[in-house]
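**Student:** sequence and computational prediction follow.
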Amino acid sequence: MTPFHAKEQAAKTPWRPISRGEIELLVRSLANVYEVVGVQELRGRLTMERIDDPALLRLEFPPKVHSPKKFLFPNWEQLFRFRLGGSVLLEAETAAPPRVIFGMHPCDLHAVRVLDDCLFEGEADSAYRAKRAATILVGVDCTPDEHCFCTSVGTDRVAGGFDLFLHRVDDGYLVQCGSGKGEALLDRHAPVVAGRPGAPPLPLQVKQCNEGLHFAVESLAPLLGEAYDHPVWQEVGDRCLGCGACTLLCPTCYCFNVEDRIDLDLEGGERVRTWDSCQFDQFTRVAGGGEFRGSQADRQRHRFFRKYKYLWEKHQRTACVGCGRCSRECLGRIDPKRVLNGLFEKEALPELPAVPGAEYRPQLAQILQASDLTASEKSFRLRLNAPLVFEPGAFLAVSVFGLGEAPFTIASPPAEGCEAEVVVRAAGALTQALHRLKPGDQLGVRGPFGKGFPLEQFLGRDVLLVAGGMGLITLRSLLLTILARRREFGRVVLLYGARDTEAFLFRDELMAWHRGGELDCRFAVMADEGEWTGARGDITYLFRDLDLVPQRTVAAVSGPAGMYRFVNPLLLRLGIDEEQLYINLERHMKCGLGKCGKCRINDICVCECGPIFPYSRVKHLREAIER
């Protein structure tokens with residue numbers, strides 16, 4: 001907060017009636033002490049200049065009048081003089097004259113606050129500070145025109161930042177003091193007005209603008225943050241002539257250039273500060289002749305970002321006060337509110353679905369092939385009407401209309417095309433109905449859903465796959481993906497345990513993998529079968545004589561929860577890092593959208609974050625992995 005803002009009083013001071021004649025008397029009295037500037041008509045044009053005749057002062061004037069910025073931050077300003085010859089002698093600029101700016105619209109009072117924010121920040125600009133301290137600000141209400149959008153940026157009314165403020169009423173004006181300076185000024189130069197009993201404060205009047213922003217101004221900074229490379233900047237840049245009128249007329253722009261000007265007698269000179277514009281083609285020229293903002297599209301983007309993003313993030317107010325001066329004078333007809341509304345409509349407005357609830361509406365998929373895997377499991381190859389993009393471990397929601405839908409892991413690897421494979425165990429009414437379907441029949445499908453195995457974490461490493469029962473379905477998708485790119489991985493080991501040999505899924509593939517030599521396959525069954533010569537017991541028996549280098553091994557585990565209770569601690573004792581141990585929580589899936597709540601476990605929504613997780617992320621979920 002600047003010293004000037006700290007002196008502001010809350011807008012609760014009383015309003016006192018003042019007539020037009022008394023305003024002229026006030027101005028005449030002020031002119032004995034201050035330079036008084038205000039709006040008057042000169043040479044057929046309304047302009048803000050020094051007032052010599054108070055009768056010429058205009059208090060009702062359109063917003064198109066140029067801003068009073070030039071009296072606080074002049075377009076040309078001598079910083080100091082110097083004399084040449086021998087030693088250089090510097091002569092400081094004279095002190096700022098006391099001045100009253102009479103008749104500032106609310107937007108221009110807000111603009112002064114923006115200048116305060118920027119020019120007092122860090123090492124304060126002493127030239128600006130001197131003028132600001134010596135200037136009295138007198139505000140007056142206004143009526144927006146078709147270019148104004150002050151109501152959208154909250155600058156149509158003001159509760160502080162002025163010394164006096166005039167409000168138009170039927171029989172004259174009401175005057176309000178906004179600072180101690182204003183109170184003293186009214187006491188000294190209009191004692192009759194200051195002595196009148198004050199009326200209660202008026203509510204701040206909301207103005208009406210014909211056009212404005214179609215969204216809250218608070219959303220502008222994040223909106224622009226996502227639109228740095230948007231084609232709108234090229235479109236606006238193509239229309240821009242680079243004349244700089246927008247920034248030179250803007251009440252908050254303060255870019256400048258400093259140069260030395262030598263006197264005609266060559267005996268001295270002056271160093272002056274003059275307005276500059278980020279829209280000029282040499283504004284960003286650097287040593288060597290290059291320009292880091294070389295196109296008009298880049299310059300326009302910088303202008304918008306400076307106004308609505310950069311300074312908002314620093315000071316929580318836009319550097320645009322919605323006065324419309326830039327669009328009134330722009331030869332390229334560039335209107336900020338239309339540019340921003342167009343950007344918002346393209347980037348921020350959600351694309352409404354044609355039918356409410358479309359995300360729950362399945363597409364039709366055709367069954368291409370149905371194969372028996374075991375007495376209770378069946379594999380279905382489906383063809384959808386659009387290509388599928390997914391990671392190994394993702395799932396589909398499959399519908400049988402009249403019975404509902406259920407999630408099924410995709411058993412096939414990611415590939416170009418519209419086909420996917422799922423495995424269904426006949427257990428309830430829906431899955432039994434699926435088993436009765438034949439090639440050529442149709443069913444409903446939503447998805448794919450979920451985050452699968454991050455394949456980039458497996459590249460170049462040894463891979464250990466641990467599957468129990470139907471957990472092989474998920475790992476099959478990962479394993480087929482690895483085999484298709486076999487040279488990119490180290491040693492691959494598959495440990496697969498089942499209830500008995502009849503429960504083995506993908507028998508032909510298991511045999512081919514075991515015999516092919518591309519991976520190390522080890523199997524175990526729980527049942528005591530006379531013909532089985534492999535490991536007997538649960539899957540942990542397969543960890544015996546398992547030669548692993550844990551530092552270069554990544555493990556993927558998929559199976560029933562009871563298996564996790566024993567396998568995960570065993571892998572950790574073998575030295576597998578928690579970040580390199582991935583487990584599958586697919587049994588918790590339901591709607592696929594993270595909305596129904598059925599997959600929420602503690603702080604985890606499995607649909608949104610999984611179903612594949614590193615162990616470190618879910619080790620606290622006892623409900624999921626310790627039962």
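**Tutor:** Structure's in. What do you need? Since the structure is predicted, the reported quantities are computational estimates derived from the model, not experimental observations.

**Student:** so where do the strands sit in the stretch 51-200 of the chain?
**Tutor:** Here the stretch 51-200 of the chain has its strands, by DSSP state E, counting those that start in this stretch, at 76-83, 89-92, 99-104, 135-140, 164-169, 172-177.

**Student:** just put those in a markdown table and tack on mean pLDDT.
**Tutor:** Shown next, in a markdown table, are the strands of the stretch 51-200 of the chain (pLDDT from 0 to 100):
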| stretch | mean pLDDT |
| --- | --- |
| strand 76-83 | 88 |
| strand 89-92 | 66 |
| strand 99-104 | 96 |
| strand 135-140 | 96 |
| strand 164-169 | 92 |
| strand 172-177 | 92 |
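
**Student:** whichever strand or helix holds Ile23 - contacts with which helices or strands?
**Tutor:** Ile23 belongs to helix 20-30 when assigned by DSSP states H and E. For helix 20-30, the elements it packs on are strand 35-42, strand 99-104, strand 172-177, helix 180-189, helix 191-194, judged by 3 or more CB pairs under 8 Å, 6 or more residues apart in numbering; DSSP states H and E. (Each C-beta comes from the backbone N, C-alpha and C, glycine too.)

**Student:** how about JSON lines for the ones you listed, with mean neighbour count and distance to Gly592 added?
**Tutor:** Output for these, formatted as JSON lines (neighbours: other CB atoms under 10 Å; distance: least, CB to CB, whole Å):
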{"stretch": "strand 35-42", "mean neighbour count": "19", "distance to Gly592": "64"}
{"stretch": "strand 99-104", "mean neighbour count": "25", "distance to Gly592": "58"}
{"stretch": "strand 172-177", "mean neighbour count": "21", "distance to Gly592": "60"}
{"stretch": "helix 180-189", "mean neighbour count": "17", "distance to Gly592": "64"}
{"stretch": "helix 191-194", "mean neighbour count": "14", "distance to Gly592": "71"}
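
**Student:** of these, which approaches Arg20 most closely?
**Tutor:** Relative to Arg20, the nearest member of the helices and strands packed on helix 20-30 by CB to CB is strand 172-177, separated by 6.2 Å.

**Student:** so where is the stretch 201-350 of the chain shaky, pLDDT-wise?
**Tutor:** Residue ranges of the stretch 201-350 of the chain with pLDDT under 70: 201-206, 349-350.

**Student:** swap in the chain?
**Tutor:** Across the chain (using pLDDT under 70), the flagged ranges come out as 1-12, 86-93, 201-206, 349-355, 623-627.

**Student:** dead centre of it: give me the residue that sits there.
**Tutor:** Taking CA atoms, centre = their mean, the centroid of the chain lies closest to Pro222, which sits 3.1 Å from it.

**Student:** now do the buried residues in the host helix or strand of that residue.
**Tutor:** Assigned by DSSP H and E, Pro222 belongs to helix 220-225. Buried residues in helix 220-225, counted by 16 or more other CB atoms under 10 Å: 220-221, 223-224.

**Student:** what is the most widely separated pair among these?
**Tutor:** Ala221 and Leu223 (7.2 Å).

**Student:** list the contacts of the helix or strand containing Glu608.
**Tutor:** Using DSSP H and E, Glu608 sits within helix 606-609. Here helix 606-609 makes contact (CB atoms under 8 Å, 6 or more residues apart in numbering) with 449-451, 585, 588-594, 599-600, 617.

**Student:** buried ones among those?
**Tutor:** For those, buried by 16+ other CB under 10 Å: 449-451, 585, 588-594, 599, 617.

**Student:** next step: those restricted to helices.
**Tutor:** Mapping these onto helices (DSSP state H) picks out Arg617.

**Student:** distance to Leu570 for the buried ones among the contacts of helix 606-609 - can I get that in JSON lines?
**Tutor:** Shown next, in JSON lines, are those (distance: CB to CB, whole Å):
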{"residue": "Phe449", "distance to Leu570": "31"}
{"residue": "Gly450", "distance to Leu570": "26"}
{"residue": "Lys451", "distance to Leu570": "25"}
{"residue": "Leu585", "distance to Leu570": "19"}
{"residue": "His588", "distance to Leu570": "23"}
{"residue": "Met589", "distance to Leu570": "26"}
{"residue": "Lys590", "distance to Leu570": "30"}
{"residue": "Cys591", "distance to Leu570": "34"}
{"residue": "Gly592", "distance to Leu570": "32"}
{"residue": "Leu593", "distance to Leu570": "35"}
{"residue": "Gly594", "distance to Leu570": "32"}
{"residue": "Cys599", "distance to Leu570": "27"}
{"residue": "Arg617", "distance to Leu570": "19"}
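
**Student:** closest one of the buried ones among the contacts of helix 606-609 to Asp298?
**Tutor:** The closest of the buried ones among the contacts of helix 606-609, once distances to Asp298 are taken by CB to CB, is Lys451, at 37.6 Å.

**Student:** test my guess that that closest one contacts Gly393.
**Tutor:** Yes - with contact defined as CB atoms under 8 Å, Lys451 counts as touching Gly393 (7.5 Å).

**Student:** between the buried residues of helix 220-225, which is closest to Pro106?
**Tutor:** Leu220 (20.1 Å).

**Student:** which residues does that closest one contact?
**Tutor:** Contacts of Leu220 by CB under 8 Å, 6+ apart are 213, 308-309, 312, 318, 340.

**Student:** so which helix or strand takes in Glu313?
**Tutor:** helix 311-315.

**Student:** host element of Phe344?
**Tutor:** Per DSSP H and E: helix 336-347 holds Phe344.

**Student:** who's in contact with that helix?
**Tutor:** 149, 152, 211-215, 219-220, 223-224, 226-227, 230, 232, 236, 304, 307-308, 320, 322, 326-327.

**Student:** whichever of those residues end up buried, select them in PyMOL.
**Tutor:** A single PyMOL command is used to select the members of the contacts of helix 336-347 judged buried by 16+ other CB under 10 Å:
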select buried, resi 149+152+211+212+213+215+220+223+224+227+232+236+304+307+308+320+322+326+327
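
**Student:** in helices only, show me the contacts of helix 336-347.
**Tutor:** For the contacts of helix 336-347, secondary structure assignment (DSSP H) places 152, 220, 223-224, 232, 236, 304, 326-327 in helices.

**Student:** on that earlier part again, find residues that contact each of Lys451 and Gly393.
**Tutor:** 611-612.

**Student:** and the buried residues of helix 220-225, which is closest to Pro68?
**Tutor:** Scanning the buried residues of helix 220-225 for proximity to Pro68, where the rule is CB to CB, the winner is Leu220, at 25.9 Å.

**Student:** please tell me how far the closest one sits from Asn341.
**Tutor:** 11 Å (CB to CB, to the nearest Å).

**Student:** identify all contacting residues around the longest strand along the chain.
**Tutor:** Assignment by DSSP state E gives strand 363-372 as the longest strand of the chain. With contact meaning CB under 8 Å, 6+ apart, strand 363-372 is reached by 378-386, 419, 437-446.

**Student:** please apply the same query to stretch 110-129.
**Tutor:** Here stretch 110-129 has contacts from 2, 4-5, 67, 69, 72-73, 77, 79, 93, 104, 132, 137, 155, 158, 161, 251-252, 254, 273, 311, 314-315, 317, 319, 321, 323, using CB under 8 Å, 6+ apart.

**Student:** excluding chain neighbours, what is closest to Leu396?
**Tutor:** Distances taken as CB to CB, 6 or more residues apart in numbering place Gly447 nearest to Leu396, at 4.2 Å, with adjacent residues excluded.
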